[in-house]
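K.L.:
need coordinates for the following:
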Amino acid sequence: MKRLLIAAVLAAASTTMGVTAQAKAPISGAALVQQQVAAYNRHDLDAFVDAYSEDVTIYRMQRAATQSSISGKAALREFYRTERFNRPGLRAQILHRTVLGNKIVDHERIFGLGAHPLEAVVVYAIEQQHIAAVWIFSPE
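P.N.:
Numbers count the residues shown, from 1 in each chain. The predicted model follows:
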């Protein structure tokens, strides 16, 4: 009887451990943004979009601060499919990264949008393991 009880406890423990090991582990905001940058550089649209929340909002700050440039995951996917990932030389280089709570601030150099690289400061807000909002500041 004692052996049967021990076997049942071990079986339950190993099942629980298996389920825990298969669950998606939490990821830091910086790691999430880095995964998104890597997907951007690979032009992997699915992995790139997966980093964002369903209701993501992206702001280009040279426009009116209250006007979003892209709103929602579907619009994000369409924009990057038709306007960015169709450019073979497109890639981003992170020059500097700062983490402040759930905000990740990157100084980025973007290649492949024109004859010369562009620089921007990009602020990512992380909520519930996804990028919920982005503010892009560029010198132009």
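K.L.:
contact partners of the helix or strand containing A132?
P.N.:
In this assignment (DSSP states H and E), A132 forms part of strand 130-137. Strand 130-137 is contacted by residues 32-33, 36, 51-53, 55-62, 69, 120-126 when judged by C-beta atoms under 8 Å, 6 or more residues apart in numbering. The C-beta positions use only the backbone N, C-alpha and C, and glycine is treated the same way.
K.L.:
what's the mean pLDDT across that strand?
P.N.:
Averaging pLDDT along strand 130-137 gives 97.
K.L.:
please report how far S69 lies from G101.
P.N.:
24 Å (C-beta to C-beta, to the nearest Å).
K.L.:
which one of these two has more residues nearby?
P.N.:
More neighbours surround S69 than the other of S69 and G101, with 15 against 8 (other C-beta atoms under 10 Å).
K.L.:
do I have it right that the more buried one meets R60?
P.N.:
Yes: at 4.5 Å, S69 counts as touching R60 under the criterion of C-beta atoms under 8 Å.
K.L.:
thinking again about what came up before, show me which positions of the strand holding A132 end up buried.
P.N.:
Within strand 130-137, the residues that count as buried by 16 or more other C-beta atoms under 10 Å are 130-136.
K.L.:
please apply the same query to stretch 117-125.
P.N.:
Of the residues in stretch 117-125, 120-125 count as buried by neighbour count, 16+ other C-beta under 10 Å.
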